[in-house]
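**Q** Build me a model from this:
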Amino acid sequence: MQFKHPEILYFLFLLVIPILVHLFQLRRFKKEYFTNVRFLKELSIQTRKSSKIKKWLLLATRLLLLTFIIIAFAQPFFLAKDTKNSSNEMYIVLDNSFSMQAKGQKGELLKRAVQELLENTPENQTFSLITNSQTFWNTDIKSIQRELQNLKYSALPFQLESAMAKINSRKSAFNKDVLIITDAVGLESTQLKSIDNSFNTYFIIPKSEHENNVSIDSVFIHQTLDDFYEIGLKLSAFGEENNPIPVALYNQNKLIAKTLTKFESKQKTIYFTIPKTDFHGYASITDNGLDYDNTLFFTISKPEKSKVISIGSTEKSNFLSRIYTSDEFIYQNFDIKTLDYNSLDKQDAIILNELDEIPLALQTTLKSFVNKGGNLIIIPSVQIRIANLNTFLMNFGTIQFKPLENNEKLVTKINFNHPLYANVFENKITNFQYPKTQKSFGITSKNPAVLNYEDQTPFLTSMRNPISAVYIFAAPINSENSNFQKSPLIVPTFYKMAYNNRKNGIKALTIGNNIPFLVDANLSKDEILNVKNETETFIPIQQILNNKVQLTFNDYPEQAGNWGIYKQKERIENISFNYNRSESNLNQISKEVLSDYKIIDSIETVFNTMQTDRTDSPIWKWFVIFALLFLVIEMAIIRFVK
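**A** Numbers count the residues shown, from 1 in each chain. Purely as a prediction, here's the structure:
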């Protein structure tokens, strides 16, 4: 027991006063004379005994009465169980990602969490609120009531590390209470390492009633016909239900195809055939799960011919003209002596085909070409100086050539997961006609190979950046050194290396991925591009690259949909944005990950527990009650005890 005002206890010395009063009676007795002396003597003895007991009882009650009054004024209390954290700062991390759309027993998980915060957070409680998209520092529940009620779902997945970084940036002399409200979809143990061990961390994990969901994951061009595209939609099913799902395809908000599909497995691809013209629309499904992943927006521009230049002798480049046909490519071959350097920036891909030397001027031009989004393909010559080639390659990464090896090798392994072969093979081929080379260079590289020799050394490897790639062969592929030109692999390999996805592929960006996007546009110094649709307009980060503009979108736009890129009022290109699909699987919750943390069932419990554990228990009222009780006892003694 402790006292708020211990100095008042000095008044306990006043207990001496009633003791003195009772010991020294100041009251004088008056003598009375009666005739029957014997009777009066007995009565006097009895009266004195009774009076003595009464005096001691009164003394005791008055001492206790005065003691309890003095202690009550000193305000005694019992110290709180968790008093060391009573001055902690409060932080609430609220997950408003799309997985919180799931339905719980009382409605959508996010809306229910917001309602509980509004109902159970004490009005005098100061806290900071961190969501996926907004942050409110040092506020109270009344001040942000409207913002909470209008809180929207965020396109950004829940990132615990980001929230913890914001909390750690708030330096303070006090410890921190952190309340994390999330459905824990996709939460991994590595993310929990960002939580400071000194924090008092509580988790509230709202649960959905069911975990069934179907999502559209991606779209791709399966094959290109003369007048049509065959596109594929990849769908995923989560949970136990296996009901047929309607799938519809819209172009410019007009329905152009519809089908009903049933899942035989957890993943399924369905195909649509559409005209080979501009497409600016979306695919849509209808299910009983999450809503945000039921629509995938995408854009396909009218096909443009990709521009390809090969630099090398005509005899060794004849095979390229058979791959880069005039219906899809504008192909040209130049000897190094007749090369027009000014034409290089306008190409989509450049092939260095067995050059014995790469001039310094060409090295500088090609470095700029790759940085501006062009693809570079390098086929080495057996006569090339390794030092010259390695110096050139240092402009792009860490790949280096070793001395020439004069022994036959078979190309036996295809990296089917490499981006170059995305959507090229329907099945993984394990037995095919192996190409071979007579002479080859050793290559040291940390990058994954596209094609490997039988000894696991790379035959074809690459260095990639967000907007371009450099592809490097380990050996010449002319007919004297290799039969690769006769292999079935040569057409898809060279086709994809020179194919410009920006011109002929699907444009479907993911919000928040920050992958740069190139647009063909000539801008003056003061001109900018903006992106807009019917409801929203924003200006992305942009960098002018001669006849191109590189755009970076960061976390914009806020809403998925079909958009246009504008130069002033002129629409120069269409583009589509989609939400990240990483939270479509509601089965990703792992309770074992949170085994070392406090999991609380409700927000009300959190605040009640803190209030109980961190509030001192005052007991001065009990001393007042006891004082009143002894006052009543004293009056009873005076009145009834003779």
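**Q** in stretch 549-569, what counts as buried?
**A** 549-551, 553, 556-557, 560, 562-567 (16 or more other Cβ atoms under 10 Å). Where C-beta positions appear, they are placed from N, C-alpha and C, glycine not excepted.
**Q** out of the residues you listed, which are inside strands?
**A** Within these, residues falling in strands by DSSP state E are Val549, Gln550, Leu551, Asn562, Trp563, Gly564, Ile565, Tyr566, Lys567.
**Q** Just the endpoints, please. Distance across stretch 401-416?
**A** Start-to-end span of stretch 401-416 (Cα to Cα, to the nearest Å) is 24 Å.
**Q** buried stuff in that stretch?
**A** In stretch 401-416, counting by 16+ other Cβ under 10 Å, buried: Phe401, Glu405, Lys409, Val411, Thr412, Lys413, Ile414, Asn415.
**Q** roughly how far out does that stretch sit from the chain middle?
**A** Put simply, stretch 401-416 sits 41 Å off its chain's centre (Cα atoms, centre = their mean, to the nearest Å).
**Q** what sits up against it?
**A** Contact partners of stretch 401-416, identified using Cβ atoms under 8 Å, 6 or more residues apart in numbering, comprise 380, 382, 386, 389-390, 393, 421, 425, 428-429, 434-444, 448-457, 459, 475, 484, 487, 489.
**Q** Among the ones in strands among the buried residues of stretch 549-569, which pair sits farthest apart?
**A** Greatest spatial distance in these: Gln550 and Asn562, 21.4 Å, computed using Cβ to Cβ.
**Q** Nearest residue to Cys182 in space, please, no chain neighbours.
**A** Not quite, residue 182 is Thr, not Cys. Asp95 (3.6 Å; Cβ to Cβ, 6 or more residues apart in numbering).
**Q** go on, Pro476?
**A** Going by Cβ to Cβ, 6+ apart, Pro476 has Glu354 as its nearest residue, at 5.3 Å.
**Q** how close does the one you found sit to Ala387?
**A** 18 Å (Cβ to Cβ, to the nearest Å).
**Q** same check, this time on Val531
**A** 46 Å.
**Q** Compare the two (neighbour count), which wins?
**A** Val531 (21 against 9; other Cβ atoms under 10 Å).
**Q** Backbone dihedrals for the residue nearest the centre of the chain, both of them.
**A** Against the mean C-alpha coordinate of the chain, by Cα atoms, centre = their mean, the closest residue is Gln159 at 3.1 Å. Phi and psi for Gln159, reported as degrees, to the nearest 10, are phi -120, psi 100.
**Q** For it, give me its contacts.
**A** Gln159 touches Asn132, Gln191, counting by Cβ under 8 Å, 6+ apart.
**Q** before we move on, what about Ala422?
**A** Ala422 neighbours (Cβ under 8 Å, 6+ apart): Phe220.
**Q** how close does it get to Phe416?
**A** Separation of Ala422 from Phe416 (Cβ to Cβ): 9 Å.
**Q** Repeat that for Leu296.
**A** 24 Å.
**Q** Equivalent analysis for Ala349, please.
**A** With Cβ to Cβ as the criterion, Ala349 and Phe416 are 22 Å apart.
**Q** and what of Glu583?
**A** Counting by Cβ to Cβ - Glu583 and Phe416 are separated by 27 Å.
**Q** One more: Asn465?
**A** 22 Å.
**Q** Next: Gln149.
**A** Where Phe416 is concerned, Gln149 sits at a distance of 50 Å (Cβ to Cβ).
**Q** Endpoints of stretch 223-233, how far apart?
**A** Span of stretch 223-233 from end to end, Cα to Cα: 13 Å.
**Q** chain center to it: distance?
**A** With Cα atoms, centre = their mean, you get 35 Å for stretch 223-233.
**Q** average pLDDT across it?
**A** Averaging pLDDT along stretch 223-233 gives 86.
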